[in-house]
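Chemist: below are the sequence and a predicted model for it; my questions follow.
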Amino acid sequence: MADTAFDVLIIGSGPGGYVTAIRSAQLGFKTAIVERDHLGGICLNWGCIPTKALLRSAEVFHYMQHAKDYGLTAEKVGYDAKAVVQRSRGVWKRLNDGVGFLMKKNKVSVIWGEATIDAPGKVTVKTSRTEAPKGVLGPGAYQAKHIIIATGARPRVLPGLEPDKKLVWTYFEAMVPQTMPKSLLVVGSGAIGVEFASFYRSFGAEVTVVELLPQILPVEDAEIAAFARKAFEKQGIKIITGAKVTKLEKKSDSVTATIDDGKATQSLTVERVISAVGVVGNVENLGLEKVGVKTDRGVVVVDPLSRTNVPGIYAIGDVAGPPMLAHKAEHEGVICVEAIKGLKVHPMDKNLIPGCTYCSPQIASVGLTEQAAKEKKLDVRVGRFPFAANGKAIALGEDQGLVKVIFDKKTGQLLGAHMVGAEVTELIQGYVVAMNLETTEEELMHTVFPHPTLSEMMKESVLDAYGRVLNA
Amino acid sequence: MPTNILMPALSPTMEKGNLAKWVKKEGDKVAPGDVLAEIETDKATMEVEAVDEGTLAKIVVPEGTQDVPVNQIIAVLAGEGEDVKAAASGAAAGTGQKAAPPKAEAKPAEAKPAEARPAEAPKQAAPTAAPRSAPTPAPAAAPQGDKLFASPLAKRLAKEGNIDLSRVQGTGPHGRVVARDVEEAKSGGAQKKAPAAAGAAPLAQPPSDDKIMALFEQGSYEVIPHDNIRKIIARRLVEAKTTIPHFYLTVDCIIDNLLKAREEINGSAPKDKEGKPAWKLSVNDFVIKALALALQRVPDANVTWTEAGMLKHKHSDVGVAVSIPGGLITPIVRRAELKSLSVISNEMKDLAGRARAKKLRPEEFQGGTSAVSNLGMYGIREFAAVINPPHATILAVGAGEQRAIVRNDKVEAATVMTTTLSTDHRAVDGVLGARLLGAIKAIIENPVMMVV
C-alpha cells in the first residue's frame, strides 16, 4: 500500500481525533490523522487544559490573599499577568508535544493541512494557514476505507456580538490577556462563561455575567446553580439572568453594552466583553454537501455508532452534536473505531457523561437533574449533604458546597448526582463509576468511604436520600 | 516433586488433539517459556511452553500420537536437583494406567527431596504447561454456577418484573447481565438459548455488513439503525427458522356458513346506550376459536418440543400476530377453548389495541401453544408463517374469496379461505398435522360446532 492509502483517516486531532487514532492503530488499522493548526485541537491548545492552568493561578492567588485565614502571612501579594499566561502556554506546549509523540509511538501518520472529502474513501488535503511541523505528510490526495470527521467546534457568533479580538473576546483572546481588564462583561453563563468570570474576578476585575435563561449554568441542577450563583455574587460577580445584550457600542478602549431583561434596559460600560454563548460544529469546507452527508443545525447527523448516512464516513465529538465535551468525543471515537473493526460495542449512554466546570466553587454533575427526572415522571428520592457538615471540608477552609443525589424511588437506581464546592470535579467520577456499574443505593451504602475526605459527603447524601444521614 | 505436563486445551471446546512434534528430548534442560512440543487440532497448531524450570524426565505420549485427550499426562518434568529417573518412573504412576500399584505407592517416598522445599509445592497445583496465547475459556453466556453475574440494578429489575435472571442473556462485560438485558427480556427478547442449541455446531455466519454494503453503490441508500423490536424480531425468527424443522400443510375452507353465522351473531348483539353493540365478531375471532377447539380435539398436536421431553399442554393458548409500528407482536388469548366467541373478540380488541400502544405486559405475549397469522385483510390468498417458539404450529390464514368449486359434480360459487399450517416436525408429524388441520377445517366449515 502506498503512503497515501489508509484504513482509517481521521480529520482533526483534538482529544476525540487523536484518541481515536491511537485506538485505531491499536486495532491494527493503518491510520492517518489530518490537522490544520495544532495537534491536540482546541482542548489541549485553547480550551480545557490551558484554562485549568489559568484557574490554578487564580486559585493560588486567592489563597495567598486569604493567607491570614490559615494563620499565615503573605505580604505584597501580587501577580504578573504575562507570567500567568506564560505558565498556561507552557502547559499547552508540553501536552502538544505529547500528542506528537503519541502519534509517532502508535505509527499514526500525521497529515498537515485542510481536508476535504471528495467522495467516500477519498480525501484531498490542501495547505493550511499554519506551518507544518517536521515529520508530517503534506498536502495531496489520500484514500481511506473509513473517514472519521472529528473537526470539533468553534465559538458561536451572535449578531451584534461579533468578536473583534480586541474589545470583544472569545475564549481565544480571553486566554491570553496582555493585561488584566478592570471591568468585564461575560455574555453567557455556561461552563466557559463562568470559568472566565471566576478567573477575572479572582484578579480583581469588576465582572458582570448576562444570561438569557432564568438560570445560570443552564444545564445544571437548579438547586446547584442557585447555590453557585449565591457564591459568585458573594465574591462580587454581578449576575443578570433572563436578559439579553442587545447592543455593543465600542470606543477606543471600552465597550458600552445595552442589557435588556425584558422589563427595562440598562447600559454598562466595561473594558472588555467575552462572548461565551456556546459553540457550533465545524461542518464547513469538508465537502459534506458534495458527498451528501446530512447535517442538522450545524452538526453532522450520526447514528449511535457515529455512522453518518454515507457509508464509510463517520463523525465523532463536538461536530457530531452535544454534549460538546472532550471526554464524550474520546469515548465516541473509541466506540466508532471498535465498531468499524467489528468488535462488539454498545453505544455510549449520553446520560452517563459527567460534566465539570472549574469555576470557584467548582461544579460537577452526572445523569438527570431533579427537574429532568420529574419531567420524565419518575418517582424520585433526593438526598443532600452540605460541605459545612464535613470534617475535611472545614479543615480545608472550604466549607461552602453541596452534594446532591437523585434516586429512582422504585428501583433504587442512581439517576443523577450534582455537586458544587471545592474539588468536586475530582469527586464526581465515584458516582459515574457507580452509575455505569448499575449500582443501587444498597451497594453505595455498603461501600466504605475513607475518613477524613470530601468523598464522605457522597455517601452521606445517599444515606440522606433514605433518611439515614449520620452527620447532619 | 516432579510435575506432570498435561495435554492442553487450545480452545474451550477442544476435547482432544494430536501431538505433532516433540521439540525437546528426554533429558533436555528446559527453562520457563521454552517450547516443549507442538500440538495440532483440526483448526490450528500451537506450541506447548514450559512454565517451570527443570529437566524433561520422560515423554509419556510419543510424537505423532493422534487424538490425545485434553488433560492426559504427556510428559514429566523433574525439578532442579530431582532425580530424573525417579521422576520418570513416578510419572508412569501418575498416569494411573500403565503403572502397577506398588510403584504408585513408592512415589511419595521418592519425591521427598522436593517436599523439603515448600516454595516449590504450590506449583504443582498450577498448570505446568500452557499453550502460547492460552485461550481463556470465558463462557459466552453468564456462568452457570451458583453465582449469578448480573448488575445490582438488573437484579432488582428482574425481581420486580418477575424475570428469571438465569434465563437472561447478558450483554454486559464478560456476559454480565445488565439493566438493558432485563428490559429486553421483559419484552420477550434476550432469552438464553436452550442448552442443546448452545452445544450445537456453529451456524454458518451471514455475510458481514461491509460485504453486503459493498454490493450497492455508495450513497444510493440510507442506513437506518435498528431499534430493539427489529433486533428481537430478527433474532427470534432466525432462531425459529434455523432450529425448527418446518413443514407445511394447506387446505381450503368454505366459509359461507361461517360468514352467515357471523352476520347473524353480530346482528343480534345487544346495544348499549350509545348504540355500540356488545360484540362485533371478525372472521379471525372464529379462526382463533376453531384452532383452540381443534387443538383440544387433537391434543397430541397441542405440544411444545423440549430436549427433555414433549410438553403436552392442557389448554389452547392461541397467539395472534398483531402488526405494530416497526414490527409485530403476538399477544395470547389464554384458554381460548373455554372462551366464547364474544369474549375472544373483545379480548383480542383489547390486546391488539394495547399491543399497538406498546402497553402489553410480558405475560400477555410470552408463551402460548399455537398461533394464528392472518393476512386475509390484505388480499393474500395463501402464505406460510414462521413458527413462533415455543409453539409447535402456526396457522396462516388467507383472504376469503369467491371461487368456483365442484360440489356433487357441479360447479358452484363458494366463499373459500385457504389456510396453511406450519408445523414443527420434531413435535408434530405429517399425519398428526393433517389431523389437526382437518379438525380446524371441519370446525370452520361448521361454525355451529363452536358453540358446543
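Modeler: Perfect, thanks for sending it.

Chemist: can you show me the helices along the stretch 151-300 of chain B?
Modeler: Secondary structure of the stretch 151-300 of chain B, counting by DSSP state H, counting those that start in this stretch: helices at B:152-161, B:179-186, B:195-199, B:209-213, B:228-243, B:256-267, B:283-297.

Chemist: mean pLDDT for the ones you listed: which is lowest?
Modeler: Mean pLDDT is lowest for helix B:195-199 among the helices of the stretch 151-300 of chain B, at a mean of 40.

Chemist: ok, the residue of the stretch 101-250 of chain A found nearest chain B - how many residues close by?
Modeler: For the stretch 101-250 of chain A, the residue closest to chain B is A:Pro120, as judged by Cβ to the nearest Cβ, at 4.7 Å. (Each C-beta comes from the backbone N, C-alpha and C, glycine too.) Residues lying near A:Pro120 (other Cβ atoms under 10 Å in any protein chain shown) number 19.

Chemist: OK, contacts around the closest residue in space to it that isn't next to it in sequence?
Modeler: Setting aside the residues directly before and after it, A:Pro120 is nearest to A:Gly312 in space (Cβ to Cβ, 6 or more residues apart in numbering or on different chains), at 4.2 Å. Shown in contact with A:Gly312 (Cβ atoms under 8 Å, 6 or more residues apart in numbering or on different chains): A:Pro120, A:Gly121, A:Lys145, A:His146, A:Ile147, B:Gln218.

Chemist: again, only this time at 6 Å
Modeler: A:Pro120, A:Gly121, A:His146 (Cβ atoms under 6 Å, 6 or more residues apart in numbering or on different chains).

Chemist: let me see the backbone angles for the second one.
Modeler: As for A:Gly121, its main-chain torsions (degrees, to the nearest 10) stand at phi 90, psi -10.

Chemist: what is the neighbour count of it?
Modeler: Other residues within reach of A:Gly121 by the criterion other Cβ under 10 Å amount to 19.

Chemist: quick one: B:Arg335 and B:His315 touch, right?
Modeler: Yes - using Cβ atoms under 6 Å, B:Arg335 makes contact with B:His315 at a distance of 4.5 Å.

Chemist: below-threshold pLDDT in chain A: ranges please.
Modeler: Along chain A, the parts satisfying pLDDT under 70 run over A:1-2.

Chemist: need the helices of the stretch 151-300 of chain B in TSV (columns: distance to chain A).
Modeler: TSV is the format used below for these (distance: least, Cβ to the nearest Cβ, whole Å):
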stretch	distance to chain A
helix B:152-161	4
helix B:179-186	5
helix B:195-199	18
helix B:209-213	5
helix B:228-243	12
helix B:256-267	41
helix B:283-297	36
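
Chemist: reformat these as JSON lines; add mean neighbour count.
Modeler: Listed next are the helices of the stretch 151-300 of chain B as JSON lines, based on neighbours: other Cβ atoms under 10 Å in any protein chain shown:
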{"stretch": "helix B:152-161", "mean neighbour count": "20"}
{"stretch": "helix B:179-186", "mean neighbour count": "21"}
{"stretch": "helix B:195-199", "mean neighbour count": "11"}
{"stretch": "helix B:209-213", "mean neighbour count": "11"}
{"stretch": "helix B:228-243", "mean neighbour count": "15"}
{"stretch": "helix B:256-267", "mean neighbour count": "15"}
{"stretch": "helix B:283-297", "mean neighbour count": "24"}
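
Chemist: so which of these comes closest to B:Gly54?
Modeler: With Cβ to Cβ, the closest approach to B:Gly54 among these belongs to helix B:195-199: 38.8 Å.

Chemist: ok so, going back, and the helices of the stretch 151-300 of chain B as a markdown table, adding distance to B:Met310?
Modeler: Below are the helices of the stretch 151-300 of chain B laid out as a markdown table (distance: least, Cβ to Cβ, whole Å):
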| stretch | distance to B:Met310 |
| --- | --- |
| helix B:152-161 | 29 |
| helix B:179-186 | 25 |
| helix B:195-199 | 14 |
| helix B:209-213 | 39 |
| helix B:228-243 | 16 |
| helix B:256-267 | 32 |
| helix B:283-297 | 14 |
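
Chemist: related to what we said a few turns ago, the residue of the stretch 101-250 of chain A closest to chain B: what's it in contact with?
Modeler: Shown in contact with A:Pro120 (Cβ under 6 Å, 6+ apart): A:Val310, A:Gly312, A:Ile313, B:Gln218.

Chemist: which single one of those is nearest to B:Ala439?
Modeler: B:Gln218 (54.9 Å).

Chemist: roughly how far does that closest one sit from B:Leu432?
Modeler: When distance is defined by Cβ to Cβ, to the nearest Å, B:Gln218 is 52 Å away from B:Leu432.

Chemist: ok, now B:Asn71?
Modeler: 46 Å.

Chemist: could you list the contact residues of the stretch 51-200 of chain A toward chain B?
Modeler: Within the stretch 51-200 of chain A, the positions near chain B by Cβ under 6 Å from any Cβ of the partner chain are A:Pro120.

Chemist: repeat for the stretch 301-450 of chain A
Modeler: Selection of the stretch 301-450 of chain A residues close to chain B by Cβ under 6 Å from any Cβ yields A:Asp303, A:Asn309, A:Val310, A:Pro311, A:Thr411, A:Gln413, A:Glu438, A:Thr439, A:Thr440, A:Glu443.
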